[in-house]
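K.L.:
Predicted coordinates and the sequence they were generated for:
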Amino acid sequence: MNDPTHARWGDWEPVIGLEVHAQMRTSSKLFCGCSTTFGAAPNANTCPVCLGLPGVLPVLNGRALEFAILTALATGCTVAELSRFARKNYFYPDLPKGYQISMYDEPLAVGGHIDFNSEGARTQVRLTRIHMEEDAGKSIHDGAERESLVDLNRAGVPLMEIVSEPDLRTPAEAADYLRTLRMILQYLEVCDGNMDEGSLRCDANVSVRKRGSDTLGTRTETKNMNSFRSVERAIEVEIERQIEVLEGGGTIRQETRLWDADREQTAPMRSKEDAHDYRYFPEPDLAPVRVTPARIAAIGAGLPELPEARRTRFETAHGLSTYDAEVLTTRRDLADYFEAACAAGGAPKTLANWILTEVWRIVRERRLDDALRIEIWPISAAALAALVSLIEDRTISGKIAKTVFEEMLTTGEAPAAIVEQRGLRQVSDEGALTAAIDAVLAAHPDKVAEFRAGKEKLLGFFVGGVMKTTGGKGNPALVNQILARRLAGG
């Protein structure tokens with residue numbers, strides 16, 4: 001375990017565990033047929049079941065169960081052949097039934113781990129459990145009108161709660177763990193990972209103890225963090241607050257705290273409840289969840305290649321640098337696009353460079369990266385492969401390729417057609433280039449003399465002149481080769 005905290009926290013060691021709630025990408029809610037679509041009018045996506053009206057019965061969403069099992073298998077958990085839903089009782093205006101259907105002492109999966117790189121070291125965080133539960137609604141507080149409104153569209157939306165052991169020791173580790181978990185969920189296509197919309201939410205359990213001690217300190221739970229930066233900063237601030245309290249002779253209260261990003265501070269929300277405060281008991285309206293080994297194996301057969309394995313393969317099979325392989329595999333759609341372009345005949349290293357610069361720039365500018373669907377990207381993988389092939393066979397230069405790329409964005413035409421229509425084919429005829437070079441040298445005898453006297457930086461001046469003469473279509477490598485020979489008197 002990487003532990004760079006000595007200098008920063010002195011005699012204190014932070015202990016951090018994360019509880020991550022991931023909204024599963026089902027079209028309907030966990031126990032009813034209401035839509036899970038984000039952004040609907042308040043209370044539009046509701047029915048008697050998710051409103052908790054008397055006499056209704058919940059029915060488990062089978063797709064959500066498959067998603068949760070897939071996640072458990074991807075993270076090395078043991079899936080229980082029998083798990084059970086429970087009622088978690090508490091009273092909030094946005095919890096219409098007065099209880100939340102969750103899992104307690106018989107969760108869907110236990111164990112497992114997530115491996116990731118953080119602060120220059122390889123880190124492993126153990127998982128305690130993964131279980132399913134329904135989301136609550138949302139309370140909206142209007143200070144101007146001095147009233148609170150309740151939107152129950154989110155009530156009943158299917159969640160996975162992924163609970164880690166308290167293995168994290170720094171805020172940066174916590175943020176990197178969360179990034180890795182989000183990436184896995186997106187690869188599995190079980191959660192879109194959109195923290196802004198609340199489909200991935202994180203609560204941080206934080207405590208501090210004297211370094212070398214095995215006894216855990218009193219923990220607080222921090223909520224309301226909607227970005228990786230918020231998670232990292234909120235944990236950092238909470239660690240500092242706890243150390244200050246303890247060094248001042250005070251004690252830490254077990255409580256839930258809210259992160260205020262504007263003020264960069266945590267504030268008390270409520271005392272932290274223990275399990276007995278929720279009066280858990282088995283959900284009487286739902287039968288136990290039974291999953292046979294055969295079904296678990298069938299779901300496991302659908303596991304995609306996960307980010308770490310794909311990253312390693314990109315380095316070995318495609319000869320990519322570690323950096324390029326890491327960036328390309330941060331998202332499944334990005335990695336899929338790269339592989340599709342390779343399959344279409346593009347050179348892997350050149351493709352990687354173009355995807356990570358030009359293609360990704362356009363995708364981000366047009367906000368197409370939120371969709372996780374490469375089929376709506378402006379340049380198809382096959383078209384990019386065709387463009388790269390024109391560079392590789394020296395039909396066009398890299399500079400001209402950028403002009404062709406922009407034309408592809410505008411017209412949607414194939415790169416070869418654009419090259420021919422606009423006369424952009426690279427000039428590689430040695431005789432034609434020699435004539436252009438001789439003309440440039442003849443026009444600047446003083447510069448030639450300076451170059452031969454040792455001012456070698458003038459080579460760029462001559463290359464620029466030749467490229468201007470050839471309309472930017474001169475083969476750069478050949479231009480440099482002939483220029484070097486001519487300037488040497490050959």
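P.N.:
Noted; the coordinates are in hand. In this text, all values refer to a predicted model and were calculated from it rather than measured experimentally.
K.L.:
I'd like to check what contacts the helix ranked longest in the chain. Which residues are they?
P.N.:
As assigned by DSSP state H, the longest helix anywhere in the chain is helix 228-247. Helix 228-247 is contacted from outside by 9-10, 12, 14, 16, 171-172, 174-175, 178-179, 195, 202, 204, 206-208, 217, 220, 222, 225, 251-252, 257, 259, 261, 264-266, using CB atoms under 8 Å, 6 or more residues apart in numbering. Where you see a C-beta, it was placed from the backbone N, CA and C, and this is true even at glycine.
K.L.:
Where strands are concerned, which of those residues count?
P.N.:
12, 14, 16, 202, 204, 206-208, 220, 222, 225, 257, 259, 265-266 (DSSP state E).
K.L.:
shaky segments in the stretch 51-200 of the chain?
P.N.:
143 (pLDDT under 70).
K.L.:
Which parts of it are strands?
P.N.:
Using DSSP state E, counting those that start in this stretch, the strands of the stretch 51-200 of the chain run over 78-79, 82-83, 85-89, 99-103, 109-110, 113-118, 121-134, 138-142, 147-151, 158-164, 200-210.
K.L.:
Let me have these in a markdown table, adding distance to residue 32 and mean neighbour count as columns.
P.N.:
Listed next are those as a markdown table, based on distance: least, CB to CB, whole Å; neighbours: other CB atoms under 10 Å:
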| stretch | distance to residue 32 | mean neighbour count |
| --- | --- | --- |
| strand 78-79 | 25 | 18 |
| strand 82-83 | 20 | 16 |
| strand 85-89 | 14 | 21 |
| strand 99-103 | 11 | 20 |
| strand 109-110 | 24 | 22 |
| strand 113-118 | 32 | 17 |
| strand 121-134 | 10 | 19 |
| strand 138-142 | 18 | 12 |
| strand 147-151 | 17 | 14 |
| strand 158-164 | 11 | 23 |
| strand 200-210 | 22 | 22 |
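K.L.:
looking at the ones you listed, which is closest to residue 412?
P.N.:
Ranking these by distance to residue 412, with CB to CB as the measure, places strand 200-210 first at 34.8 Å.
K.L.:
Show me what the nearest residue to residue 234 once chain neighbours are set aside bridges to in the sheet.
P.N.:
Among residues not flanking residue 234 along the chain, residue 259 sits closest, at 4.0 Å (CB to CB, 6 or more residues apart in numbering). For residue 259, the beta-bridge partners under DSSP bridges are residue 266.
K.L.:
any idea how far residue 268 is from residue 259?
P.N.:
12 Å (CB to CB, to the nearest Å).
K.L.:
Domains of the chain: list them as residue ranges, please.
P.N.:
6-298, 307-421, 430-487 (automatic domain parsing).
K.L.:
which residue packs closest to the residue nearest the centre of the chain, ignoring adjacent ones?
P.N.:
Among the residues of the chain, the one closest to the centroid is residue 183, at 4.7 Å (CA atoms, centre = their mean). Spatial nearest neighbour of residue 183, chain neighbours left out: residue 307 (5.3 Å); criterion: CB to CB, 6+ apart.
K.L.:
ok, now residue 341?
P.N.:
Using CB to CB, 6+ apart, the closest residue to residue 341 is residue 381 (4.1 Å).
K.L.:
That neighbour touches residue 374, doesn't it?
P.N.:
Yes: contact status for residue 381 versus residue 374: in contact at 7.1 Å, counting by CB atoms under 8 Å.
K.L.:
can you list residues touching both of those two?
P.N.:
Joint contacts of residue 381 and residue 374 (CB under 8 Å, 6+ apart) are 337, 340.
K.L.:
and the two most separated of the ones in strands among the contacts of helix 228-247?
P.N.:
Among the ones in strands among the contacts of helix 228-247, the pair separated by the greatest distance (CB to CB) is 12 and 202, at 22.8 Å.
K.L.:
Quickly note the distance from residue 148 to residue 166.
P.N.:
Counting by CB to CB, the gap from residue 148 to residue 166 is 34 Å.
K.L.:
How about residue 297?
P.N.:
Here residue 297 is placed at a distance of 32 Å from residue 166 (CB to CB).
K.L.:
what does residue 64 give?
P.N.:
According to CB to CB, residue 64 stands 28 Å off from residue 166.
K.L.:
So if I had to pick from the two, which one is more boxed in?
P.N.:
Using other CB atoms under 10 Å, the more surrounded residue of residue 64 and residue 166 is residue 64, with 24 against 18.
K.L.:
I'd assumed residue 32 was in contact with that one.
P.N.:
No: assessed by CB under 8 Å, residue 64 is found out of contact with residue 32, at 11.8 Å.
K.L.:
hang on, the earlier thing: so which of the strands of the stretch 51-200 of the chain comes closest to residue 53?
P.N.:
Nearest to residue 53, of all the strands of the stretch 51-200 of the chain, is strand 99-103, at 14.2 Å by CB to CB.
K.L.:
on contacts alone, who are the packing partners of that closest one?
P.N.:
Here strand 99-103 touches strand 85-89, strand 121-134, going by 3 or more CB pairs under 8 Å, 6 or more residues apart in numbering; DSSP states H and E.
K.L.:
List the contacts of residue 383.
P.N.:
408, 414, 415.
K.L.:
these two touch, right, the second one and residue 386?
P.N.:
In other words, residue 414. Yes: counting by CB under 8 Å, a contact exists between residue 414 and residue 386, whose distance comes to 6.4 Å.
K.L.:
re earlier: any idea which of the strands of the stretch 51-200 of the chain gets closest to residue 355?
P.N.:
Of the strands of the stretch 51-200 of the chain, nearest to residue 355 by CB to CB is strand 113-118, at 22.0 Å.
K.L.:
I'd assumed residue 333 was in a helix, is it?
P.N.:
Yes: the assignment for residue 333 by DSSP: H, G, I helix; E, B strand; the rest coil puts it in a helix.
K.L.:
Poorly predicted segments of the stretch 351-490 of the chain, please.
P.N.:
Across the stretch 351-490 of the chain (using pLDDT under 70), the flagged ranges come out as 369-373, 427-429, 432, 490.
K.L.:
Skipping its backbone neighbours, what lies nearest residue 273 in space?
P.N.:
Counting by CB to CB, 6+ apart, the nearest residue to residue 273 once its immediate chain neighbours are dropped is residue 90, at 7.6 Å.
K.L.:
For stretch 23-32, which residues meet the burial criterion?
P.N.:
23, 24, 25, 26, 28, 29, 30, 31, 32 (16 or more other CB atoms under 10 Å).
K.L.:
got the residues you listed as JSON lines, with pLDDT columns?
P.N.:
Output for the buried residues of stretch 23-32, formatted as JSON lines (pLDDT from 0 to 100):
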{"residue": "23", "pLDDT": "97"}
{"residue": "24", "pLDDT": "98"}
{"residue": "25", "pLDDT": "96"}
{"residue": "26", "pLDDT": "97"}
{"residue": "28", "pLDDT": "98"}
{"residue": "29", "pLDDT": "98"}
{"residue": "30", "pLDDT": "98"}
{"residue": "31", "pLDDT": "98"}
{"residue": "32", "pLDDT": "97"}
